[in-house]
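> I'd like to go over a predicted model; first the sequence, then the structure.
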Amino acid sequence: MNTKTFSPYVPRPVTLVEKTRLSDFVTRFTFEQDNGKPLAHKPGQFVNLSVYGVGEAPFSISSPPRRTQNTFEIAVRKIGVVTSAMHNLEPGAKVGIRGPYGTSFPVMKFVGKDVLIVAGGLGYIPLRSLLFYQLRHREEFGRMVLMVGTREPKERIFVDEIAELAKSGDVEVLETVDMPDETWKGNVGVITTLLPMVKDLDPSSTYVSMVGPPIMYRFVIAECRKRGIASDQIFVSLERKMKCGLGKCGHCQINELNTCIDGPVFCYTDIEAYQEAI
Amino acid sequence: MTTYTVYKEQLPELFGKWSEEYSLYVPAKLREGFYDLVAWKPGLEIAWDFDVAYNSPKRFLFPPREALITFDRRTCEAKPVFEAPPQILFGVHPYDVKAINQLDQLLEGGAPDQNYVRRREATVIMAYEPLTVSSTAFWASVGAGTVAHGFDLYWTKIGPAAFTVEVGSAKGEELLSLCGGLVPATAGDKEGARRARARVQFRARKNSLRYNWEETPRLLAKCWDSPLWRRYSQMCLACGSCNLVCPTCYCFDIRDEVDDQLGEGVRYREWDGCMLEGFAKVAGNHNFRPKAQDRYRHRYFRKGKYIYDKIGELGCVGCGRCVRACTAGIANPLKVFNELWEETAHEH
């Protein structure tokens, strides 16, 4: 690194290679690093992605770490200026990224343990990175349970992928929607209603990873605690507005923590006392 | 370190020499009661008795708007932008030196902010012992009345036409000796400086915290749910003035701007403020600090606890600028901390 010209604010170029529609608003983007190197991220980390001229925004990496490929995926809901601009990109387009930044899910802690993955809404996107990383080393882990909660059936994402996972038998998949329509035949209710359906859960050896909308955490954590899972076995990834990714700009502060460097993945024990966290 | 005696009549020549290579900023009166550091030019009257520069010196090291990179939209190439004009800040009061020391620690620590680092390296700080104290200042009671480092030279006015100058760095000594013939300060001059300092320190204690400032983080830890936050914040206009004038506030936003051909552009950072309504808002409009009360409390916690927990110093240097800048009259760290102290008095 040449410190004479190095600036942490300079993104490096990546090229969009594939764009897949996941729902009315959510699209998966596959990018390729122009430098030919793998992204070398850990499950749960994020990148700051620049659509030049529009702006920069943080996105969780959705693909598991890849050692031999220089591609990575993110999935994005069209909701603001940067995400709208991203939806206008076509394969071949270039954007800039900085990162990967932040903490990751402590996969080594999960080795030999049962794993519960709780994905609310778009929370499946970052958890996918963890899930597929663990599936690649399936024999290292005990029982694996995936819980997916969505508001409406039409907002479900990665539908085929999740169905396939359920079929594979590697993961027990439980799914629910809050507001069913006539096509929906599965569980109805918020995601917390799924937890009692997990039979023979061994709280002492179950590790929970969860990502979802802010409102979800409080309830799912309470439910986990009720089942006897200790708070140091619960890991959450929190959303904040990470602007700089370097712990400087102040936007992502949770009390004195900077979500961009101290998070986004936190052990629940470490944030229990922070009033602003959950 | 060495201390020299310098006479007022030497200054025009020194200033002239310095301004050949540096942008030189000195304190001047803008209008009655308003002082600031302004660009020096021959003949400019220096406000030796200024109480506080209404705008903090952070703007010289961390400008309100600063380019970080330039980019080409078509090729997606990006290059860093570094601007670091050599500059001398003459007349920085100790509490502001303290604030700069804090910015050094916070911005150069972790992943160093190269833009700040470069500007800081190109800046010479000439501290200056205040002669008067702003009516809203309370720096003496928050441990910001004196500084041991962070300056290149430390000027103390010991008479109508004389100063002692304590050397803080080799760079400072070199600049001072540009016009030759340095006179070491006599014991009498040093005593004069000591007295000048004692005099102003005494006056600065008029506004004081009612407890030892090192207690602040422990005090705040007990006050998350205090009714004070709502009482004050209900009048908050969310204008961010307190953030702007604060010498230790450094939060920023990052934005893009493109030329009229939609080809090349600049990504710049701009001062942001935690008191502004959308500061903690994320995509989809979820606001993690939706109420004025949340934002108001966050600011005081940051000054009194979060920064302290990181670097062992209060994030407030007691300059009193926010007190003057606040239109609603609610920004007053001294009042807030003292009232919280009283509120919890039964626990002490």
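That came through fine. Numbers count the residues shown, from 1 in each chain, chains lettered A, B, ... in the order given.
> What count of nearby residues applies to residue 120?
With no chain named, the answer covers chain A. The number of residues packed near A:G120 is 27, by other Cβ atoms under 10 Å in any protein chain shown. (C-beta placed from N, C-alpha, C; glycine too.)
> think we crossed wires, I meant chain B
Neighbours around B:R120, by other Cβ under 10 Å: 19.
> Which pLDDT value goes with the closest residue to it other than its chain neighbours?
Spatial nearest neighbour of B:R120, chain neighbours left out: B:L61 (5.5 Å); criterion: Cβ to Cβ, 6 or more residues apart in numbering or on different chains. pLDDT recorded at B:L61 is 97.
> Could you give the average pLDDT over the helix or strand harbouring A:L146?
In the assignment (DSSP states H and E), A:L146 maps to strand A:144-150. Mean pLDDT, strand A:144-150: 96.
> any residue of that strand up close to chain B?
No - contact of strand A:144-150 with chain B (Cβ under 8 Å from any Cβ of the partner chain) is absent, the minimum separation being 15.4 Å.
> Equivalent analysis for stretch A:64-84, please.
Yes - if you take Cβ under 8 Å from any Cβ as the test, stretch A:64-84 does meet chain B, through A:77, A:79-80, A:83.
> where does the stretch 1-150 of chain B come near chain A, residue by residue?
Contact residues (Cβ under 8 Å from any Cβ) of the stretch 1-150 of chain B with chain A: B:68-69, B:71-73, B:75-82, B:106-107, B:110-115.
> Now list the buried members of those.
B:68-69, B:71, B:73, B:76-78, B:80-82, B:106-107, B:112-115 (16 or more other Cβ atoms under 10 Å in any protein chain shown).
> The residue positioned nearest the centre of chain A sits in which helix or strand?
Central residue of chain A (Cα atoms, centre = their mean): A:P126, 1.5 Å from the mean position. With secondary structure defined by DSSP H and E, A:P126 is part of helix A:124-136.
> Quick check: mean pLDDT of that helix?
Here the average pLDDT along helix A:124-136 is 96.
> try stretch B:294-309
The average pLDDT within stretch B:294-309 is 96.
> got the CA coordinates for it in CSV?
What follows is stretch B:294-309 as a C-alpha-only set of coordinates in CSV (Å, rounded to 0.1, in the frame of the first residue of the first chain):
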residue,chain,number,x,y,z
ASP,B,294,-33.1,11.0,21.3
ARG,B,295,-30.8,13.2,19.3
TYR,B,296,-30.3,15.8,22.1
ARG,B,297,-29.4,13.0,24.5
HIS,B,298,-27.1,11.4,22.0
ARG,B,299,-25.1,14.6,21.6
TYR,B,300,-24.6,15.0,25.4
PHE,B,301,-23.7,11.4,25.8
ARG,B,302,-21.2,11.6,23.0
LYS,B,303,-19.6,14.6,24.6
GLY,B,304,-19.8,13.4,28.2
LYS,B,305,-19.4,9.6,27.9
TYR,B,306,-18.8,8.0,24.5
ILE,B,307,-15.7,10.1,23.7
TYR,B,308,-14.5,9.8,27.3
ASP,B,309,-14.8,6.0,27.1
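> quick one: that stretch near chain A?
Yes - contact of stretch B:294-309 with chain A (Cβ under 8 Å from any Cβ) involves B:294, B:298, B:301-302, B:305-306, B:309.
> What are the boundaries of the strands in the stretch 151-300 of chain B?
Remark: strands assigned in the stretch 151-300 of chain B by DSSP state E, counting those that start in this stretch are B:153-157, B:162-167, B:183-184, B:252-258, B:264-271.
> out of the ones you listed, nearest to B:A204?
B:A204 sits nearest to strand B:153-157 of all the strands of the stretch 151-300 of chain B, at 14.8 Å, using Cβ to Cβ.
> Please parse the chain into its domains.
All of this refers to chain A. Following automatic domain parsing, chain A resolves into domains at A:12-101, A:107-237.
> meant chain B actually
Domain ranges of chain B: B:3-204, B:213-347, per automatic domain parsing.
> ok, which stretches of chain B are helices?
Secondary structure of chain B (DSSP state H): helices located at B:11-21, B:58-61, B:94-108, B:114-121, B:170-176, B:187-204, B:216-221, B:228-233, B:241-245, B:292-301, B:307-311, B:321-325, B:333-343.
> Sorry, wrong one. I was asking about the stretch 51-200 of chain A.
A:81-87, A:107-110, A:124-136, A:159-168 (DSSP state H, counting those that start in this stretch).
> Report the inter-axis angle for the longest one versus strand A:144-150.
Helix A:124-136 and strand A:144-150 meet at an angle of 160 degrees, taking axes from the mean of the first three to the mean of the last three Cα atoms, to 10 degrees as the criterion.
> Is helix A:124-136 positioned near chain B?
No - using Cβ under 8 Å from any Cβ, we find that helix A:124-136 stays clear of chain B, coming within 13.1 Å at best.
> And for that helix, what's in contact with it?
Outside helix A:124-136, the residues that touch it by Cβ atoms under 8 Å, 6 or more residues apart in numbering or on different chains are A:41, A:43-44, A:46, A:60-65, A:74-75, A:105, A:107, A:110, A:115, A:117, A:119, A:140-141, A:144, A:146, A:148, A:157-158, A:162, A:165, A:170-171, A:209-211, A:237.
> what about burial for those residues, which qualify?
So, by 16+ other Cβ under 10 Å, the buried ones in the contacts of helix A:124-136 are A:41, A:43-44, A:46, A:60-65, A:74-75, A:105, A:107, A:110, A:115, A:117, A:119, A:141, A:144, A:146, A:148, A:157-158, A:162, A:165, A:171, A:209-211, A:237.
> Now, these that are in strands?
Those of those mapping onto strands are A:46, A:60, A:74-75, A:115, A:117, A:119, A:144, A:146, A:148, A:209-211, A:237, per DSSP state E.
> about what we covered before: what would the domains of chain A look like in CSV with distance to B:F252?
Shown next, in CSV, are these (distance: least, Cβ to Cβ, whole Å):
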stretch, distance to B:F252
domain A:12-101, 13
domain A:107-237, 24
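> quick one: which of these is nearest B:L131?
Nearest to B:L131 among these is domain A:12-101; the distance by Cβ to Cβ comes to 46.5 Å.
> So for that closest one, first residue to last residue, what's the gap.
This stretch, domain A:12-101, spans 14 Å end to end (Cα to Cα, to the nearest Å).
> From the chain's centroid, how far away is that domain?
Offset of domain A:12-101 from its chain centre (Cα atoms, centre = their mean, to the nearest Å): 13 Å.
> State the mean pLDDT of it.
The average pLDDT for domain A:12-101 rounds to 95.
> Likewise for stretch B:178-197?
Here stretch B:178-197 scores 93 as its mean pLDDT.
> Grab the CA positions of it and hand them over as PDB.
What follows is stretch B:178-197, C-alpha atoms only, in PDB (Å, rounded to 0.1, in the frame of the first residue of the first chain):
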ATOM      1  CA  LEU B 178      13.300  33.200  11.000                       C
ATOM      2  CA  CYS B 179      14.100  36.800  11.800                       C
ATOM      3  CA  GLY B 180      17.100  35.800  13.900                       C
ATOM      4  CA  GLY B 181      18.200  36.900  17.300                       C
ATOM      5  CA  LEU B 182      16.100  34.900  19.700                       C
ATOM      6  CA  VAL B 183      16.100  36.100  23.300                       C
ATOM      7  CA  PRO B 184      15.600  33.400  26.000                       C
ATOM      8  CA  ALA B 185      13.000  34.400  28.500                       C
ATOM      9  CA  THR B 186      14.200  35.700  31.800                       C
ATOM     10  CA  ALA B 187      13.000  34.300  35.000                       C
ATOM     11  CA  GLY B 188      11.000  37.500  35.400                       C
ATOM     12  CA  ASP B 189       9.300  37.000  32.100                       C
ATOM     13  CA  LYS B 190       8.400  33.400  32.900                       C
ATOM     14  CA  GLU B 191       7.000  34.500  36.100                       C
ATOM     15  CA  GLY B 192       4.900  37.100  34.200                       C
ATOM     16  CA  ALA B 193       3.600  34.400  32.000                       C
ATOM     17  CA  ARG B 194       2.700  32.200  35.000                       C
ATOM     18  CA  ARG B 195       0.800  35.100  36.500                       C
ATOM     19  CA  ALA B 196      -1.000  35.900  33.300                       C
ATOM     20  CA  ARG B 197      -2.100  32.300  33.100                       C
END
